[in-house]
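1. Output the structure for:
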Amino acid sequence: MLNLPVFERDAEAFSSALNRERYHYLAGLTPTLPLTALYADFRHLFNEDTFGELLEAEVEPRPKRLLLAFTGTHFLESRASAYTEQLAAQESALQVVWDDQGLPYRSVGVRIANEPDARRRHALDASRRAALATLNPLREERHRTLLESVHALGQSSYVAFYDQLHELSLADLTKAAQHFLAATERVYFDALDELLGTIGLARADAQPCDLAWLFRGRPFDAQFGARALLPTLYRTLRVLGVDLQEQPNIVLDTEPRPLKHPGAHCVPLAIPEEIRVVLLPGGGHQDYAALFQALGVAEYYAHRERTSRFAQRWLGDCSVPESYGLLLQHLLTDSRWLREYLGFAQPVDYCRIAFFERLYQVRRCATQLLYEQELHRAEDYEALAQRYVELFTRHLGIEHAPEPFLAEAEDGLYTAHRLRAWIFEAQHRRYLQKEYDEEWFRLPRVGRFLRDLWRESHQHSVEELARFMGYSGLDLRPLTDELLASVG
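-> Here you go, the predicted model:
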């Protein structure tokens, strides 16, 4: 019989140990991600018997579902851990030869985004994709293992397992994704052609790496100086009544390292006592956006109650913290915030590119949701690679290559959580503007409201939070309307 207190104690110890290894790997402090031994040490948490005992346990429905999702997910991950470990080590060692020197594979994306010559961008990206392709056989084995292992838990399919235990309402979310793609298609393609023209490219000649250069926004670097990044972040939160410099439980790691993963990541090592935020600086406004987004997630974890049980502190609807990250990130497209905090007198041209990037990201997320459902229901990898090319080329308007068809997919349908977060963030922000002020980011009372949400919202899904704010549930219209108005 399952001893729930002991299970939760060990689950927390495992989660902390796992995230510590993830932090070291993401931060570029170690080249390996040693998972196999860790899963072996905690094998009693992740087996068919434990999953079955949780199913029969007398636990309240919500914590029970979260614990089942936790155990089931890590059961699958434990089965695939040897492949994950090999992929991590091989990716760390992977080099791309460029200008007669070897570049760490992970640093190539930053180099591409900062390369002004389109021909050189295309050549460097081709080299990156060739390196990526060498890992695909191992990715295929890992993916096949995940799909097969779900049946040992008595589940019908990988997709159904995550849809049910995370209450994703996948059928409705898929319809919303399809609706968004249709509703924004004309505006997106018109803006795409116009913005590609500003860098001298026609759509037929462009590649996804050209959007990386466009979104990098180097003409605006003067307004987004590296030295001003942390002071701007501190000031923004301080006005809301959150003094990040007085939060010792949030540690920022912004040092560049060759093996550091691109972008920004929030990694809780102990909740709420030790939250790490990792950023690989790439330059300009994207560093601001990435760090603001990761801090929004970090504040959610940093405000947990220490005395709460494991499921309340560590588990929950992943869309909720993602939405808080997007809420802070959105400030980087608010012309009033830009003028006040960065002295950006004329942000019109920047905001047009920034809003187009947001439209692109949401369309990409919607496309990925459609694609990943097909990916996780099939194992014909040659056909899936071509399906990736077809879907992403059709919806994003630029010819895609097949090599990233597995590397860009996220475990556990996490893309669904991202899309739900995008939808709810627009609703949340509209609520703040209506109930408080268009310039809600100036008001300490909004900070008090947010801190209350950070403390309590782990108990709720984004659908429940949307209903609390007066909506009938998740509603795509605020996000769609905003992007159509801002980009069109």
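
2. give the contact list for the closest residue in space to residue 309 that isn't next to it in sequence.
-> The shortest distance from residue 309 to any non-neighbouring residue, by C-beta to C-beta, 6 or more residues apart in numbering, is to residue 8 (6.1 Å). For the C-beta atoms, the positions are set from N, CA and C on the backbone; glycine is no exception. Each residue near residue 8 by C-beta atoms under 8 Å, 6 or more residues apart in numbering is listed here: 309, 310, 311.

3. Among those residues, which one lies nearest to residue 366?
-> Taking C-beta to C-beta as the measure, residue 311 is the one of the contacts of residue 8 closest to residue 366, at 30.3 Å.

4. I'd guessed that closest one sits against residue 65; true?
-> No - under the criterion of C-beta atoms under 8 Å, residue 311 is not in contact with residue 65, lying 9.4 Å apart.

5. ok, those two, which is more surrounded?
-> The residue with the greater number of neighbours, taking residue 311 and residue 65 and applying other C-beta atoms under 10 Å, is residue 311; the counts read 23 against 18.

6. give the contact list for that one.
-> Residue 311 makes contacts with 8, 63, 66, 67, 70, as judged by C-beta under 8 Å, 6+ apart.

7. Same check on residue 176?
-> With C-beta under 8 Å, 6+ apart, residue 176 has these contacts: 419, 423, 474, 476.

8. Work out for me the element the closest residue to the last one other than its chain neighbours sits within.
-> So the one you mean is residue 476. Taking C-beta to C-beta, 6+ apart as the measure, residue 476 lies nearest to residue 176, with 5.0 Å between them; neighbours along the chain are not counted. With elements delineated by DSSP states H and E, residue 176 resides in helix 170-183, which encompasses its position.

9. can you give me the strands in this structure?
-> 95-98, 101-104, 250-253, 263-270, 274-280 (DSSP state E).

10. Off-centre distance for the longest one?
-> Read that as strand 263-270. The chain centre lies 11 Å from the centre of strand 263-270; the measure is C-alpha atoms, centre = their mean, to the nearest Å.

11. do the first one as well
-> A distance of 27 Å separates the centroid of the chain from that of strand 95-98, by C-alpha atoms, centre = their mean.

12. which residues sit in contact with the residue nearest the centre of the chain?
-> Using C-alpha atoms, centre = their mean, the residue of the chain that lies closest to the mean C-alpha position is residue 418, 6.4 Å off. Taking C-beta under 8 Å, 6+ apart, we find residue 418 in contact with 319, 322, 365.

13. Just those residues: which are in helices?
-> The helices, defined by DSSP state H, take in 319, 322, 365 from the contacts of residue 418.

14. out of the residues you listed, who's nearest residue 214?
-> The shortest gap between residue 214 and any of those belongs to residue 365, at 18.5 Å (C-beta to C-beta).

15. Residue 415 is in contact with the closest one, correct?
-> Yes - the pair residue 365 and residue 415 qualifies as a contact (C-beta under 8 Å) at a distance of 6.1 Å.

16. more crowded one of these two?
-> Each of residue 365 and residue 415 has its neighbours counted (other C-beta under 10 Å); residue 415 has more, 23 against 18.

17. wait, that one sits on residue 368?
-> Yes - in this structure, residue 415 sits in contact with residue 368. The criterion is C-beta under 8 Å, and the distance is 4.6 Å.

18. quick one, phi psi at the nearest residue to residue 196 once chain neighbours are set aside?
-> Closest residue to residue 196 in three dimensions, ignoring its sequence neighbours and counting by C-beta to C-beta, 6+ apart: residue 206, at 5.4 Å. Note on residue 206: backbone dihedrals following degrees, to the nearest 10 are phi -90, psi 160.

19. Next, count neighbours for the residue nearest to residue 241 when sequence neighbours are not counted.
-> Sequence neighbours aside, residue 447 is the residue nearest to residue 241 in space, at 3.6 Å (criterion: C-beta to C-beta, 6+ apart). Applying other C-beta under 10 Å, we find 18 residues neighbouring residue 447.

20. residues touching residue 447, list them.
-> Residues counted as contacts of residue 447 (C-beta under 8 Å, 6+ apart) are 237, 239, 240, 241, 242.

21. Which pLDDT value belongs to it?
-> What the model reports as pLDDT for residue 447 is 95.

22. one step back: any chance of the contacts of residue 447 in CSV, plus neighbour count and distance to residue 461?
-> Output for the contacts of residue 447, formatted as CSV (neighbours: other C-beta atoms under 10 Å; distance: C-beta to C-beta, whole Å):
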residue, neighbour count, distance to residue 461
237, 22, 26
239, 16, 29
240, 22, 24
241, 14, 26
242, 22, 24
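
23. on that earlier part again, distance of the residue nearest to residue 309 from residue 111?
-> 45 Å (C-beta to C-beta, to the nearest Å).

24. same question, residue 265
-> For residue 265, the distance to residue 111 equals 20 Å [C-beta to C-beta].
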